[in-house]
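In: Next input, structure requested:
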Amino acid sequence: MGGYEEERLAELLRTLPPAPEAWVRAAQELPRARRELDEIVARAEADIEFRKALIADLETALAAEGYEPDERTLQRLRKRFAS
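Out: All right, here's what the predicted structure looks like:
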């Protein structure tokens, strides 16, 4: 892409309205949520007792370990441990 195309692209981007605050917040929270999800899954793979507790009662097991996942993370974990 040459200089002119980049300048034009920058002009077009400046005309867009700002992203909604909820989108910005979600984008900021996404890395933490992914790390937490990966950590929980890795721990469940390594610790059979933790995995059994998650399968038996996901929310209680997570709360007992100090996790406070959002509903989307809970849904992903339910799906992951359903099989």
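In: what about L13, how many residues close to it?
Out: Per other C-beta atoms under 10 Å, the neighbour tally for L13 reads 8. (Glycine included, C-beta is placed from N, CA and C.)
In: Now do the helix or strand harbouring it, average pLDDT.
Out: Following DSSP states H and E, one finds L13 within helix 3-15. Here helix 3-15 scores 89 as its mean pLDDT.
In: With stretch 19-39 instead?
Out: 92.
In: quick revisit: could you point out the helix or strand that follows the helix holding L13?
Out: Beyond helix 3-15 on the C-terminal side, the first helix or strand identified by DSSP H and E is helix 21-46.
In: elements contacting that following helix?
Out: helix 48-56, helix 71-81 (3 or more C-beta pairs under 8 Å, 6 or more residues apart in numbering; DSSP states H and E).
In: any chance of these in a markdown table, with mean pLDDT, distance to R14 and mean neighbour count too?
Out: Listed next are the helices and strands packed on helix 21-46 as a markdown table, based on pLDDT from 0 to 100; distance: least, C-beta to C-beta, whole Å; neighbours: other C-beta atoms under 10 Å:
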| stretch | mean pLDDT | distance to R14 | mean neighbour count |
| --- | --- | --- | --- |
| helix 48-56 | 93 | 47 | 14 |
| helix 71-81 | 88 | 32 | 14 |
